[in-house]
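curious how this folds, go ahead:
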Amino acid sequence: MATDLSEVKTRLWEAADQLRANSELQASEYSQPVLGLIFLRFAEERFAKAEAEIGSGSARNPIGPDDYKAKGVLFLPPEARYEHLLNQPEAADVGRVVNNAMSAIEDNNAELKGVLPKVYGTLPNDVLVELLRILNSSAGDIEGDGFGLVYEYFLGQFAMAEGQGGGEFFTPTSIVRFIVEVLEPYEGKVFDPACGSGGMFVQSADFVERHQGNPASELSIYGQEKSRRTVPLAKMNLAVHGLSGDILVGNSYYEDRHDSVGKFDFVMANPPFNVDGVDPAKLADDQRFPFGLPLNQDGTMRTANYLWIQSFLSSLTNDGRAGFVMANAAGDARDSELEIRRKLIEQRVVDVIVAVGSNMFLTVTLPVTLWFFDQGKANGLRLDEVLFIDAREIYNVVDRAHRDWTDVQVEYLSNIVRLWRGNEPEFVAGSEELLGLTFPDQRYGDVPGLCASAAVTEIEEQGWSLNPGRYVGVAGRDVGGAEEFETSLGRLESEFLDLVNSAGELEDRVGKVLRGIRR
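Below you'll find the predicted structure:
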């Protein structure tokens, strides 16, 4: 009987976190070495299976690294295997031994050069030995792509533990899954110019696998990330899922490391919001911003939101799709940002806009919006329509400070988009009953308070706003019994918190403007 992977993940995390607490290390100091050991245990599992298939060779035909690479497996020299690491003498410097193991792996696998952590000297000997033992003893309970799922789980847990810093490299999996479900990346080139730890790529590969494809051959992965510390996390994340990609270090405001214009079939990202201070002089004549720069009247940059938005669109092929997270304020931003938004809408590339409630992200409590572009709309029936979904009331409570979407909720929201596009819904996660409550004949129709398909002319009448609330409206409900009253009260509380959070965001922006005036 297979072991419950959720139980294994939780057990491993609790054990590792207990060791961290006893070692007095911060989460930021502990995350990379632990993730490196998970990576190594995964690599050894695949190596052992390949070794059994390849055999030992002969004196005339010895087995070497190339034989393993031909099978898509990393070659592990003897000094990099868990058996060697665990059988060290009591007086050995285990941190140095593990560092040497990581270097040996890089020496035999050029694609990992400079990627693996070599900071194990920072961990006390007893903590490191216990970590190795825990990961090794649990390996038998992890099947298939389970190591990849364990790696993702640890990424999320470390991101929560690190707070603001963690949010820079991790996007909640349910958000990523929904973006991927809407984009439907069956095959082609996938690009994330703010790729963090690579979650968008992993979920794209999972989508291909669930639709009977081979992601290693059908997806080409390209990423850019400004943090040198985060790029190795992304490369290891790809590796533990059996993937590889071209992940480069670079500041996406000023550097286009992949020459992205018109190159990619799918673009997906969770960029930093409301960043100011970008130098417009460095962006002159940049082809990634065809609708102009979002400038203030004095020529300074407003925020980088509409730089990101334009760069996502300009990176697409003629029938490419993009999906990304964006600050709520971008949907109603004024002045130069409004002009850029008008041009986007008039070009008929805006496809779907989804309002997401508060507390869905690790580092911000603010509600956000998901934007989707589709360059291929010009050839379809949806050319003059944009689908708006208000998903603020759809969530699962993780704890007091965090929410997410369940698999059923992700599938339900994705099915709304599928119905609107005239496609068949999917019911792998079990959303059939939920979908039947709002779309009993499995055909799209506007649902007050949930979704609305708005014509471009209607959007123009609304001042080119991309705020779903302007089009979806509110559901007409009678508050009857206590249960319905509690639901209604919860909705009002959520809306109130959204308004409070939005007010805080506006207060911050006004404060920055006033400080600039006083200089």
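
for V325, what are phi and psi?
phi -90, psi 140 (degrees, to the nearest 10).

got the contact list for it?
By C-beta atoms under 8 Å, 6 or more residues apart in numbering, the residues touching V325 are 171, 175, 179, 269-271, 368-370. Where C-beta positions appear, they are placed from N, C-alpha and C, glycine not excepted.

what about 10 Å?
If you count contacts by C-beta atoms under 10 Å, 6 or more residues apart in numbering, V325 has them with 171-172, 175-176, 179, 194, 268-271, 273, 308, 356, 360-361, 368-371.

do E14 as well
Contacts of E14 by C-beta under 10 Å, 6+ apart are Q157.

how does it look with 8 Å?
Contacts of E14 by C-beta under 8 Å, 6+ apart: none found.

now, which of the contacts of V325 lie within helices?
Counting by DSSP state H, the part of the contacts of V325 found in helices is 175-176, 179, 308.

can you verify my assumption that R46 contacts V73?
Yes. Using C-beta atoms under 8 Å, R46 is in contact with V73, at 5.0 Å.

which one's more surrounded, these two?
Taking other C-beta atoms under 10 Å, R46 and V73 do not tie; V73 has more neighbours (22 against 19).

shouldn't the more buried one be in contact with A52?
No. Look at V73 against A52 with C-beta under 8 Å: they stay out of range, at 11.5 Å.

give me the neighbour count for R421.
The number of residues near R421, taken as other C-beta under 10 Å, comes to 18.

tell me how far the closest residue to it other than its chain neighbours lies from F372.
Setting aside the residues directly before and after it, R421 is nearest to R382 in space (C-beta to C-beta, 6 or more residues apart in numbering), at 6.9 Å. Separation of R382 from F372 (C-beta to C-beta, to the nearest Å) stands at 12 Å.

starting at the chain centroid, how far to stretch 342-354?
23 Å (C-alpha atoms, centre = their mean, to the nearest Å).

quote the end-to-end distance of that stretch.
End-to-end distance of stretch 342-354 (C-alpha to C-alpha, to the nearest Å): 18 Å.

buried sites along it?
Using 16 or more other C-beta atoms under 10 Å as the test for burial, stretch 342-354 gives 344-345, 348-354.

biggest separation within those residues, which pair?
By the measure C-beta to C-beta, R348 and V354 form the most distant pair in the buried residues of stretch 342-354, at 18.7 Å.

show me where pLDDT drops low in the stretch 351-500 of the chain?
362-364, 476-500 (pLDDT under 70).

helices along the stretch 301-450 of the chain, start to end?
Using DSSP state H, counting those that start in this stretch, the helices of the stretch 301-450 of the chain run over 305-314, 336-346, 407-420, 432-438.

looking at the ones you listed, spot the one closest to V386.
Closest among the helices of the stretch 301-450 of the chain, using C-beta to C-beta: helix 336-346, at 7.5 Å.

which strands and helices sit next to the closest one?
Here helix 336-346 is seen to pack against helix 305-314, helix 456-461 when contacts are counted using 3 or more C-beta pairs under 8 Å, 6 or more residues apart in numbering; DSSP states H and E.

want to throw these into TSV with mean neighbour count and distance to E411?
Listed next are the helices and strands packed on helix 336-346 as TSV, based on neighbours: other C-beta atoms under 10 Å; distance: least, C-beta to C-beta, whole Å:
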stretch	mean neighbour count	distance to E411
helix 305-314	24	25
helix 456-461	15	28
